[in-house]
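K.L.:
just need the structure, nothing else, for what follows:
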Amino acid sequence: MIILNRFISFIKQHALFAPQDRVLLAVSGGRDSVLMAHLFNEAGFNFGIAHCNFNLRGEDSQKDEEFTSELAGSFEAPFFAASFDVTGHSSQHHISIQMAARDLRYQWLEEIRSDFDYQYIAMAHHQNDVIETMLLNLTRGTGIAGLHGILPKKNKIIRPLLSFSRDEINRAVDRERLSYREDSSNKSTKYARNKIRLEVIPLLKELNPSLEETFEANRKRFAELEVLLNKKVSELRKKLFRILDNNEYEIDLTALKALEPLDTLLYELLHPYGFTEPVLTDLKNSWDGMPGKVFSSGSHTLNLDRGKLLLIPKRKSLPEDTRINPGDTLISWDNKKYRLASVLIDEFKLRAQPGIAQVDQGLLKFPLTMRTWNMGDRFQPLGAKGKKKISDFFIEQKIPLSRKRNIGILENGNGDVIWIAGLRIDDRYKITANTKKVFIFEQFT
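P.N.:
The predicted model follows:
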């Protein structure tokens, strides 16, 4: 084929795969994917063909599968096919037919790639697909990632036809007299992408006949800008996000407010945790007000605290209680681990560290319990004369509500609180002149 050298050069230029790699081709039977399959065959690459039957076009869907199977047979290439209930998946997950088909296709292709030892999955997207994606993203609203549209390579997905326009692909298919299947749904304007393809792009090409080349140059520039932005955001995240326990982060609010340009950097910093622009706008409108407000995404919460934000993964449930019996030397609670040790007073050396509790063993009544805080809990803080509510103690220590349930409460067998883990022991259990043995609790992760 005349375009073969250009096809191979694009693969080498973007390091899409190595000559010895096995590549799984996603072939629908249409012009684009059929041409891709012929190019792979003519180049002598090692490939298999995979076809998704979405059952959306009645008998035509079955004929597409049969055609693709015969195509794979003509190349003596491995063939994989799967039939999907796209309509049912769309209804079950409340997504469009197009999104349902996309989800099912990529999930199945990855399963085949992994199970049959293919290194990459090749999709037959071309330059006009990039233009359609960029325009669609701009219409719906997008960040910089949406501006560059489809990339030649992303993880295990490669797109070796991105150097060709639709017209070039059509001419190559006609010139080589390649057989293919026509999808009549491509001519329907009820789908947004088709409407852009059939109505918007022709108008734009009247303004710029070299639209494909222009958008390809734009795609490269936007992709490079994204690299620069991601580098900057990564540096900022390391600077502003201080890691706490349980994948929680404390964010310097003063430094966050001072970022320029604020909207872009705030979005890029926090959208990986599921926060949308409307939620982040609410955050900006509230961060000079009273602390305590909480902002949620599907996976995280942002808690507005004094001079900082707390980024916290959502918990599915509270930590379960952990029992401590005589002789235990190691326990786990809420993904934290504690070493337990008993030491004679003559061998004991005091260590004043937040993650260690050292108490009079003679006052302990087993089994002990490590549990979460309950409303109404009281204890006598070390050095204090009387008891106080643990909730009041948390306020004094400026512990935000979101973290209270992650702080371990060590409870004696008689119901007394011995230790608020990492913060304070109860004065009644401190070491005195009468202590004979010391029991040590030490958090080490």
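K.L.:
residue 93: what's it in contact with?
P.N.:
100, 103 (C-beta atoms under 8 Å, 6 or more residues apart in numbering). For the C-beta atoms, the positions are set from N, CA and C on the backbone; glycine is no exception.
K.L.:
try 10 Å
P.N.:
99-100, 103 (C-beta atoms under 10 Å, 6 or more residues apart in numbering).
K.L.:
Serialize those to TSV and add fields for secondary structure.
P.N.:
Below are the contacts of residue 93 laid out as TSV (DSSP: H, G, I helix; E, B strand; the rest coil):
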residue	secondary structure
99	helix
100	helix
103	helix
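K.L.:
just the endpoints, please. Distance across stretch 250-266?
P.N.:
End-to-end distance for stretch 250-266: 15 Å, by C-alpha to C-alpha, to the nearest Å.
K.L.:
buried residues, that stretch. List them.
P.N.:
250-251, 253, 256, 265-266 (16 or more other C-beta atoms under 10 Å).
K.L.:
can you show me the helices along the stretch 51-200 of the chain?
P.N.:
59-75, 86-93, 97-115, 127-140, 144-147, 166-176, 192-195 (DSSP state H, counting those that start in this stretch).
K.L.:
for residue 222, find the nearest of these.
P.N.:
In terms of C-beta to C-beta, the element of the helices of the stretch 51-200 of the chain nearest to residue 222 is helix 144-147, at 4.2 Å.
K.L.:
which strands or helices does the closest one pack on?
P.N.:
In terms of contacts (3 or more C-beta pairs under 10 Å, 6 or more residues apart in numbering; DSSP states H and E), helix 144-147 is packed against helix 127-140, helix 211-240, helix 262-270.
K.L.:
still on that earlier bit, could the contacts of residue 93 be laid out in JSON lines, adding pLDDT and distance to residue 367?
P.N.:
As requested, the contacts of residue 93 are exported to JSON lines (pLDDT from 0 to 100; distance: C-beta to C-beta, whole Å):
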{"residue": "99", "pLDDT": "89", "distance to residue 367": "52"}
{"residue": "100", "pLDDT": "91", "distance to residue 367": "52"}
{"residue": "103", "pLDDT": "94", "distance to residue 367": "49"}
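K.L.:
quick check: of the residues you listed, which lies closest to residue 48?
P.N.:
residue 103 (21.8 Å).
K.L.:
ok so, going back, give me the buried subset of the contacts of residue 93.
P.N.:
100, 103.
K.L.:
okay, the contacts of residue 93 in CSV with distance to residue 44 next?
P.N.:
Listed next are those as CSV, based on distance: C-beta to C-beta, whole Å:
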residue, distance to residue 44
99, 36
100, 36
103, 33
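K.L.:
now the helices and strands packed on helix 144-147 in TSV, with mean pLDDT and distance to residue 57?
P.N.:
Formatted as TSV, the helices and strands packed on helix 144-147 follow (pLDDT from 0 to 100; distance: least, C-beta to C-beta, whole Å):
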stretch	mean pLDDT	distance to residue 57
helix 127-140	92	20
helix 211-240	93	29
helix 262-270	94	40
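K.L.:
for residue 348, which of these is the nearest?
P.N.:
Minimum separation from residue 348 across the helices and strands packed on helix 144-147 (C-beta to C-beta) falls at helix 211-240, 40.5 Å.
K.L.:
CA atoms only: put stretch 91-106 into CSV for me.
P.N.:
Taking C-alpha atoms only, stretch 91-106 is exported to CSV below (Å, rounded to 0.1, in the frame of the first residue of the first chain):
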residue,chain,number,x,y,z
SER,A,91,-30.7,1.0,31.4
GLN,A,92,-29.1,-0.7,34.4
HIS,A,93,-26.4,2.0,34.8
HIS,A,94,-28.5,5.0,33.6
ILE,A,95,-26.0,5.9,30.8
SER,A,96,-26.4,6.5,27.1
ILE,A,97,-26.2,3.6,24.5
GLN,A,98,-23.0,5.1,23.3
MET,A,99,-21.4,5.1,26.7
ALA,A,100,-22.7,1.6,27.5
ALA,A,101,-21.1,0.3,24.3
ARG,A,102,-17.9,2.1,25.0
ASP,A,103,-17.6,0.7,28.6
LEU,A,104,-18.4,-2.9,27.5
ARG,A,105,-16.0,-2.7,24.6
TYR,A,106,-13.0,-1.5,26.5
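K.L.:
which residues touch the closest residue to residue 71 other than its chain neighbours?
P.N.:
Leaving aside its sequence neighbours, residue 71 sits nearest to residue 37 (C-beta to C-beta, 6 or more residues apart in numbering; 6.3 Å). Neighbouring residues of residue 37 by C-beta under 10 Å, 6+ apart: 25-27, 29, 47, 49, 68, 71-72, 74-75, 77, 122, 124, 178.
K.L.:
name the element residue 37 belongs to?
P.N.:
According to DSSP states H and E, residue 37 maps onto helix 31-43.
K.L.:
ok, back up a step: rank the helices of the stretch 51-200 of the chain by pLDDT, which is bottom?
P.N.:
For the helices of the stretch 51-200 of the chain, mean pLDDT drops lowest on helix 144-147, to a mean of 82.
K.L.:
surely residue 427 touches residue 363?
P.N.:
No: between residue 427 and residue 363 there is no contact under C-beta atoms under 10 Å: 11.6 Å.
K.L.:
which residue comes closest to residue 55 once chain neighbours are left out?
P.N.:
Counting by C-beta to C-beta, 6+ apart, the residue nearest residue 55 is residue 61, at 5.3 Å.
K.L.:
tell me the helix or strand right after the lowest-mean-pLDDT helix or strand in the chain.
P.N.:
Every helix and strand in the chain was compared by mean pLDDT, DSSP states H and E; the lowest is helix 401-404, with a mean of 73. Where DSSP H and E defines the elements, the next helix or strand beyond helix 401-404 is strand 409-411.
K.L.:
residues making contact with that following strand?
P.N.:
Applying C-beta under 10 Å, 6+ apart, the external contacts of strand 409-411 come out as 321-322, 324, 333, 338, 357, 359, 364, 367-374, 377, 379, 390, 416-421, 425-426, 429, 441.
K.L.:
show the average pLDDT along it.
P.N.:
pLDDT averaged over strand 409-411 gives 97.
K.L.:
what residues are up against the most centrally placed residue in the chain?
P.N.:
Centroid-nearest residue in the chain: residue 272, 6.3 Å away (criterion: C-alpha atoms, centre = their mean). Counting by C-beta under 10 Å, 6+ apart, residue 272 makes contact with 233, 237, 297, 299-300.
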